[in-house]
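Undergrad: when you get a sec, could you give me coordinates for this:
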Amino acid sequence: LSPSLSWSARRPSASSYLTCASASARRGRSSSKCPTRARYFSATFEGVAIGDAVTVDGRAGKVLEYRKRGLVRVEYEDGDGATADVDASTVEVVTPVAAIDVTESFSDAQEKAAAPLDDCFLELPPDQLAEISAMIKFEAPSAEALACLPRVDDEVKVCDGEERFWTVVRKVDGDKIEALVVNALLGGQEFAKPGTKIAFEKRHIYMIQVHLSPDGAPTEEQGPARFLGRNAAVRAHFMAKLDQAAVQLEIDHPDKPELQNAMKAMKHFAEGTNSVPVPGGPLTVAEWLRAEAKRDPSILDGTGLTDPEDIGVFRMSSLERIAQIGHDAGTGPMQHADTSKFSIMHDNLMNMSMSPRVVAVIFDG
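TA: Numbers count the residues shown, from 1 in each chain. Below is the predicted model:
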């Protein structure tokens, strides 16, 4: 996410597949440093693709290539190979060109992300490995992100095995994507020219550049209504889950009073505050909210959200941030702090807010 284009003052997700300046997945040549160029590209060339059959002021022709400053070169049918550079905004597409199918040849980002590190890296000391892991490890969008992204006009980074490059999405059909190449590639590929339309699948996506409209920002009234720590219905449901877990704990571990005492303390704290831990995190809460909103739409009253299927949930603060606040020192960066003991506050209703699904994916802390 490009923070300058976001309608939220909060920082975007730390997941590198949704950031502009990611340090991950640096193996292979990268044809673009930052996807803001893709946004300019999308607005400038109006979605016109190389090979499109078009008309310009009534004259039929075909788009040959992109030129500078939003111009496209068109070869006219009524002349002896006559061409002209025309403004893309004046071009009317009659027959869109078929996309070049690269499904079988492109790298599968999900497989790359799941693959273990090379053995040579595992020989490094743990502290050194931690410092360089972002540079040597592939990352790819989560299943939750790919459930609602990308959308038309979003930008996605893909790889043909040699070069990684940005594309602008023009069509989404389930897992299938059609997009226009943004970068001039170096390998002489069939799709090397900017403006070439290619077809691939969501599994090929390494990064996503998302743009949010200012019109989607919650109002001053909607923001508090989306906070789940104060939503009575949500709290009641997950408090009941906590009670069930306490009963099951007594059954499973009758000889471990320390666990039962910890559970009682957790329940006591939850009853007097906005705190209700949810082991499954935002995905569990969102799944329940979608089902509940279909049964009882009033649960969305005041939130500005109306479509149950478009409800997402995000954590407002990262685990590192929560640990920093709760740390004894109270100030300064926590380079090697153990954050695990703060997870109960991370996956907690007091740290969650509902939103449209795309927003939740981007801003989850």
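Undergrad: which parts of this protein are helices?
TA: With DSSP state H, the ranges of helices along the chain come out as 36-45, 109-114, 119-122, 126-136, 143-148, 222-226, 232-252, 257-272, 281-295, 319-326, 343-346, 357-363.
Undergrad: hey, which of those is tucked in deepest?
TA: Counting by mean count of other Cβ atoms under 10 Å, helix 357-363 has the highest mean neighbour count of these, with a mean of 23. Where C-beta positions appear, they are placed from N, C-alpha and C, glycine not excepted.
Undergrad: hey, C-alpha coordinates of that one in CSV?
TA: Coordinates of each C-alpha in helix 357-363 appear next as CSV, following Å, rounded to 0.1, in the frame of the first residue of the first chain:
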residue,chain,number,x,y,z
ARG,A,357,-12.2,-6.9,3.7
VAL,A,358,-9.7,-5.1,1.6
VAL,A,359,-9.0,-2.6,4.3
ALA,A,360,-8.6,-5.3,6.9
VAL,A,361,-6.1,-7.2,4.8
ILE,A,362,-4.0,-4.1,4.3
PHE,A,363,-4.0,-2.7,7.8
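Undergrad: give me the distance from it to the chain's centre.
TA: Centre-to-centre, helix 357-363 and its host chain are 7 Å apart (Cα atoms, centre = their mean, to the nearest Å).
Undergrad: which elements pack onto that helix?
TA: Contact here means 3 or more Cβ pairs under 8 Å, 6 or more residues apart in numbering; DSSP states H and E; on that basis helix 357-363 packs against helix 143-148, helix 281-295, strand 311-315.
Undergrad: now the angle between helix 232-252 and the shortest one, please.
TA: Which is strand 311-315. When axes from the mean of the first three to the mean of the last three Cα atoms, to 10 degrees is applied, the directions of strand 311-315 and helix 232-252 differ by 70 degrees.
Undergrad: just to revisit the earlier point, the helices and strands packed on helix 357-363: lowest mean pLDDT?
TA: Averaging pLDDT over each of the helices and strands packed on helix 357-363 singles out helix 143-148 as the lowest, with a mean of 91.
Undergrad: packing partners of it?
TA: helix 357-363.
Undergrad: quick revisit: closest one to residue 46 among the helices and strands packed on helix 357-363?
TA: Ranking the helices and strands packed on helix 357-363 by their distance to residue 46 (criterion: Cβ to Cβ) puts helix 143-148 first, at 25.4 Å.
Undergrad: measure the most far-flung residue of the chain relative to its centre to residue 63 for me?
TA: Using Cα atoms, centre = their mean, the residue of the chain lying farthest from its centre is residue 80. It sits 48.2 Å away. For residue 80, the distance to residue 63 equals 19 Å [Cβ to Cβ, to the nearest Å].
Undergrad: next: residue 143.
TA: As it turns out, when the distance is counted by Cβ to Cβ, residue 143 lies 37 Å from residue 63.
Undergrad: now residue 208
TA: Per Cβ to Cβ, residue 208 is found 27 Å from residue 63.
Undergrad: over to residue 142?
TA: Using Cβ to Cβ, one obtains 36 Å as the distance from residue 142 to residue 63.
Undergrad: out of those two, name the residue with the larger neighbour count.
TA: residue 63 (24 against 18; other Cβ atoms under 10 Å).
Undergrad: bridged to the more buried one, which residues?
TA: Residues found in beta-bridge contact with residue 63 (criterion: DSSP bridges) are residue 74.
Undergrad: show me the contacts for it.
TA: Contact analysis of residue 63 by Cβ atoms under 8 Å, 6 or more residues apart in numbering lists 48, 49, 50, 51, 52, 54, 72, 73, 74, 91, 97, 195.
Undergrad: how long is stretch 276-286 from one end to the other?
TA: Counting by Cα to Cα, to the nearest Å, you get 15 Å between the two ends of stretch 276-286.
Undergrad: ok, now which ones touch residue 280?
TA: residue 347.
Undergrad: got the confidence number for it?
TA: Residue 280 is assigned a pLDDT of 89 by the prediction.
Undergrad: what of residue 102?
TA: On pLDDT, residue 102 comes in at 97.
Undergrad: does it touch residue 196 like I think?
TA: No - counting by Cβ atoms under 8 Å, no contact exists between residue 102 and residue 196, whose distance comes to 10.2 Å.
Undergrad: more neighbours, these two?
TA: Neighbours of residue 102 and residue 196, each counted by other Cβ under 10 Å, are more numerous for residue 196; the result is 23 against 17.
Undergrad: if I look at the more buried one, how far off is residue 106?
TA: The gap separating residue 196 from residue 106 is 14 Å, by Cβ to Cβ.
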